[in-house]
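Peer 1: Whatever this is, show me its structure:
(2 chains)
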Number of protein chains: 2
Amino acid sequence: MSQISDVAARMKLESPVMAATPVEQRNDALARIKEALLAHADEIFAANAADLEAAQRDGVAPAVVGRLRFDEHKLADVAAGIDGLIGLPDPVGRTLLRREMDEGLVLERVSVPIGVIGVIFEARPDALVQISTLCLKSGNCAILKGGSETMRTNKAIFEVIHAAAIEAGLPEGCLFQAEAREEISELLGCYGSVDLLIPRGSNAFVRYIMDNTKIPVMGHADGICHIYVDKAADIDLAVRVCVDAKIQYTAACNAVETLLVDRAIAADFLPQAVEALEAEGVEVRGDEEVRAIVDVKPATDEDWDTEYLALIVSIKVVDGVDEAIEHINRHGSHHTDAIMTDDAQAAERFMRLVDSAGVYQNCSTRFADGFRYGFGAEVGISTSKLHARGPVGLEGLVTYKYKIYGSGQIVGDYATGKSSFHFRDLS
Amino acid sequence: MSQISDVAARMKLESPVMAATPVEQRNDALARIKEALLAHADEIFAANAADLEAAQRDGVAPAVVGRLRFDEHKLADVAAGIDGLIGLPDPVGRTLLRREMDEGLVLERVSVPIGVIGVIFEARPDALVQISTLCLKSGNCAILKGGSETMRTNKAIFEVIHAAAIEAGLPEGCLFQAEAREEISELLGCYGSVDLLIPRGSNAFVRYIMDNTKIPVMGHADGICHIYVDKAADIDLAVRVCVDAKIQYTAACNAVETLLVDRAIAADFLPQAVEALEAEGVEVRGDEEVRAIVDVKPATDEDWDTEYLALIVSIKVVDGVDEAIEHINRHGSHHTDAIMTDDAQAAERFMRLVDSAGVYQNCSTRFADGFRYGFGAEVGISTSKLHARGPVGLEGLVTYKYKIYGSGQIVGDYATGKSSFHFRDLS
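Peer 2: Numbers count the residues shown, from 1 in each chain, chains lettered A, B, ... in the order given. Okay, the predicted model is just below:
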């Protein structure tokens, strides 16, 4: 078994070579990966069958087993995804700024890959394909560690992807798959070699990663999302959106956990909303004002800070948009929050003052997703304010460097006033 | 004394209000700050005189005392800097993407301030003015901690700046000055309230900050910059640039520490370079091949990893551009590295493969600076690959949020195929 620290150190030295590969070669690699996955479908499905069998033997819940499955349908999806990715413009080598500083002294800001990215993700074989192809398209090297429940599938898929990438002439060290769980803690120690870590998974797991590495981490732990139902909301729409945001995929980070209801509309909205939610099997918890209107369980202060990831929702009555904003900024996780209102001014105030990666008017919080934003795919969703925020696609996997083309200029001449800058943006 | 954690928590809740202030108000604050600094010059100079007296009493080195000084000249500089900052376009509220996802469902990516920024900087009163005005212009709240050698000057300047900002109607909590050194460790614990830390100062200090906080840190510890002198270099220019990069400001992070010399030009370049460097009082250390040509002290392996910040330079002979690239990627700090050559291909290879924030052809590494890049000023230089890289000006102090304007859309309809996305970029 390779030591991850050695792998990462070699990868770091190879990453500039990977970064310098032309986009034609990276797209060729993606095309070969797609073909190879289709050609090796049987081996991959066989490996997946063994994983599924083991999962059933281990008593993994049926809902989870669905995510482990990799079949014709999922293969077709990832193949279509690769085609889409090939069609996206190259995020690398874009000239973001071109400025003449002085005669014969030109500054350029050019987009470049981040370098070496470590991604730790849940047991979902399609995620392995998406993440590795996003990293390759953006010119990055990647160390990948998928959930161990699909280790056989991961291994089969990874071997196909890596071989196809090498065939296209990408450097040997462009991708590496870590297989043992112990390798995660080794990866966390690779500061200096690994430029970025993207952990996906449970709240506790992401927090553990964030707390135990010096490597920059992009991602999110909590997803405490809110919908505020304003007095100027269309009640039918609001009920529909609240139900979708709670039940469409309960375990998702962008599912709603708390509804805030304007006092002025509470008596009209709450009975309909609670009826619709309960019809879908949702347990509703409310503060005292809510419970004066509808018969639901009491919510405690702890509820406002809880990500249920389950069929539970808490509801609080607030005194208009400002109290909603304050509640969200205090108790939310800066992920995605929505306002239901036909009052453009209230919407603008909410969307300006709520400090979250996504702020929506009149639609479900569940739209927070790289595919739904039209990014092709995502490597994760970030609630950090640095670098990429919200769903992270190709653009979040590049940084930039500054180039200066000079003709012998020295700073001494500018310090003494012999020369001076004239800053003129070109092209 | 206020507890920094309380200050930061209050600031966090006030930061969306600060973020929503119109640029006219932020520019008005800057104009008032400039006027107020000029109006209170005498008090500030008196405070500075007391700081300088204390520094001399404490035996602070004369070179350092120069940095502590805040006089008519520096006041005029910062006033001109504020005028320049007022003239720069608003970095906040720019629409970076506008995309129709479906009929009546529009996605926008809009630039917003980062929120609460903590800046810890060296004892330089002009830096306090630059940093606080950059933060205000970009709509951020900031906790500032300057070097204690200028505590009296900092206090006088900060009071003037804060009062002027409040007069312009900015929130009370837009700026806070920490005064005690113990408050730094308290600030490091403010994860969740402080969005970004920018430490400036010694290598050891920045590393300490990076190692002792969960808050994202932007900055750089080491500055091991290189100049590679290629066989196709103009020797006179190369000597001039190497001398400038070493001596123009020895203590700067962008000063050169190691020269790499192409074997093919070593016998011609080295005698002239060493003569010129020694004439400026620079101690030259060379590897064996260098010492076979010129009589200098030996360089050990440790030299290649050392930031001297002093009149010392190490020189190594390499076998062309590829060995130079490999040496720099292995031993450098990814800050700023230059190639001296008239061979455009060699330059392109170097600039593409050297993995640093700045890669230059035919000019001094000392150009790595926000002012010299035309950014007006900088809050620091980042060697991290996330978010801002290189000199960080206004653009590095903003992030973005995603807004969606909907009309009641739910994700369930897109999951079942009842609705579908059509992604069309607008305007």
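Peer 1: distance of the spatially closest residue to A:Ile235 that is not a sequence neighbour from A:Val284?
Peer 2: Nearest residue to A:Ile235 in three dimensions, chain neighbours excluded: A:Phe269, at 5.4 Å (CB to CB, 6 or more residues apart in numbering or on different chains). All C-beta spots, glycine's among them, are computed from the backbone N, C-alpha and C. Distance of A:Phe269 to A:Val284, given as CB to CB, to the nearest Å: 13 Å.
Peer 1: Which secondary structure element of chain A has the lowest mean pLDDT?
Peer 2: helix A:62-68 (a mean of 81; mean pLDDT, DSSP states H and E).
Peer 1: Point me to the helix or strand that includes A:Asp90.
Peer 2: Remark: A:Asp90 resides in no helix or strand, with elements defined by DSSP states H and E.
Peer 1: Which residues does the least confident helix or strand of chain A contact?
Peer 2: Here helix A:62-68 makes contact (CB atoms under 8 Å, 6 or more residues apart in numbering or on different chains) with A:48, A:51-52, A:55-56, A:60, A:122-125, A:149-150, A:153, A:251.
Peer 1: tell me which residues in the following helix or strand past that helix are buried?
Peer 2: Counting by DSSP H and E, the element after helix A:62-68 in chain order, helix or strand, is helix A:72-87. Across helix A:72-87, burial judged by 16 or more other CB atoms under 10 Å in any protein chain shown covers A:75, A:78-79, A:81-82, A:85-86.
Peer 1: What of stretch A:306-324?
Peer 2: Counting neighbours by 16+ other CB under 10 Å, stretch A:306-324 gives A:306-308, A:312-318, A:321, A:323-324 as buried.
Peer 1: nearest to B:Leu170, of those residues?
Peer 2: Set against B:Leu170, the nearest of these by CB to CB is A:Val321 (22.2 Å).
Peer 1: Hmm, A:Asp230 and that closest one touching each other?
Peer 2: Yes. Counting by CB atoms under 8 Å, A:Asp230 is a contact partner of A:Val321 at 6.2 Å.
Peer 1: joint contacts of these two?
Peer 2: Common neighbours of A:Val321 and A:Asp230 are listed as A:262, A:339, A:341, A:346, A:350 (criterion: CB under 8 Å, 6+ apart).
Peer 1: sorry, back to before: please report the number of neighbouring residues for the residue nearest to A:Ile235.
Peer 2: By other CB atoms under 10 Å in any protein chain shown, 26 other residues sit near A:Phe269.
Peer 1: now swap in the one 5 residues further on and tell me
Peer 2: Under the neighbour criterion other CB under 10 Å, A:Val274 is assigned a count of 21.
Peer 1: Give the helix, strand or coil label for it.
Peer 2: helix (DSSP: H, G, I helix; E, B strand; the rest coil).
Peer 1: residues in contact with it?
Peer 2: Applying CB under 8 Å, 6+ apart, the residues near A:Val274 are A:284, A:294, A:296, A:315.
Peer 1: ok, the third one - contacts?
Peer 2: Translated: A:Val296. Residues in contact with A:Val296 (CB under 8 Å, 6+ apart) are A:274, A:284-286, A:290, A:315.
Peer 1: Pull the most distant pair out of those.
Peer 2: A:Val274 and A:Arg285 (10.7 Å).
Peer 1: Residues that sit against both of the two, list them.
Peer 2: With CB under 8 Å, 6+ apart, A:Val274 and A:Arg285 have common neighbours A:296, A:315.
Peer 1: quick one on the thing from earlier: farthest pair in the contacts of A:Val274?
Peer 2: Across the contacts of A:Val274 (CB to CB), the longest gap, 8.5 Å, separates A:Val294 and A:Ile315.
Peer 1: any idea how chain A splits into domains?
Peer 2: Under the assignment automatic domain parsing, the domains of chain A span A:4-91+A:115-219, A:225-367.
Peer 1: Of these, which stretch is the most buried?
Peer 2: Compared across the domains of chain A, domain A:225-367 shows the largest average neighbour count, a mean of 21 (mean count of other CB atoms under 10 Å in any protein chain shown).
Peer 1: Could you give the separation between the terminal residues of it?
Peer 2: End-to-end distance for domain A:225-367, by CA to CA, to the nearest Å: 12 Å.
Peer 1: How about stretch A:8-27?
Peer 2: Start-to-end, stretch A:8-27 (CA to CA) is 24 Å.
Peer 1: Show me how far that stretch is from its chain's centre.
Peer 2: Relative to the chain's own centre, stretch A:8-27 is displaced by 23 Å; criterion: CA atoms, centre = their mean, to the nearest Å.
Peer 1: mind listing which of the contacts of A:Val274 are in strands?
Peer 2: When DSSP state E defines the strands, the subset of those inside them is A:284, A:315.
Peer 1: Could you report the distance from the nearest residue to A:Pro113 once chain neighbours are set aside to chain B?
Peer 2: Closest residue to A:Pro113 apart from its sequence neighbours, by CB to CB, 6+ apart: A:Gly139 at 3.6 Å. Distance of A:Gly139 to chain B, computed by CB to the nearest CB, to the nearest Å: 11 Å.
Peer 1: repeat for A:Leu309
Peer 2: Computed as CB to the nearest CB, the A:Leu309 to chain B distance reads 16 Å.
Peer 1: and the stretch 201-350 of chain A, which residues reach chain B?
Peer 2: A:210-211, A:214, A:216, A:218, A:234, A:237, A:240-241, A:243-245, A:248-249, A:325-326, A:329-330, A:347 (CB under 8 Å from any CB of the partner chain).
Peer 1: Can you flag which of those belong to helices?
Peer 2: Secondary structure from DSSP state H places A:210-211, A:237, A:240-241, A:243-245, A:325-326, A:329-330, A:347 of those in helices.
Peer 1: Which strands or helices does the helix or strand encompassing A:Pro16 pack on?
Peer 2: A:Pro16 is part of helix A:4-19 when elements are defined by DSSP H and E. With contacts defined as 3 or more CB pairs under 8 Å, 6 or more residues apart in numbering or on different chains; DSSP states H and E, helix A:4-19 has these neighbours: strand A:105-113, strand A:116-120, strand A:141-145, helix A:182-188, helix B:321-331, helix B:344-353.
Peer 1: go again using 6 Å as the cut-off
Peer 2: Packing partners of helix A:4-19 (3 or more CB pairs under 6 Å, 6 or more residues apart in numbering or on different chains; DSSP states H and E): strand A:116-120, strand A:141-145, helix A:182-188.
Peer 1: Would you format the ones you listed as TSV with mean pLDDT and distance to chain B included?
Peer 2: What follows is the helices and strands packed on helix A:4-19, written out as TSV (pLDDT from 0 to 100; distance: least, CB to the nearest CB, whole Å):
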stretch	mean pLDDT	distance to chain B
strand A:116-120	96	10
strand A:141-145	96	12
helix A:182-188	93	14
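Peer 1: Compare the ones you listed and give me the one nearest B:Glu24.
Peer 2: strand A:116-120 (41.4 Å).
Peer 1: Okay, now the sheet partners of that closest one, with direction.
Peer 2: strand A:141-145 (parallel), strand A:196-199 (parallel) (DSSP bridges).
Peer 1: Please name the residues that touch A:Gln130.
Peer 2: With contact taken as CB atoms under 6 Å, 6 or more residues apart in numbering or on different chains, A:Gln130 is in contact with A:Ala377.
Peer 1: what do you get for A:Ile120?
Peer 2: A:145, A:199.
Peer 1: and with 10 Å instead?
Peer 2: A:143-147, A:178, A:183-184, A:187-188, A:197-201, A:205-206, A:209, A:219 (CB atoms under 10 Å, 6 or more residues apart in numbering or on different chains).
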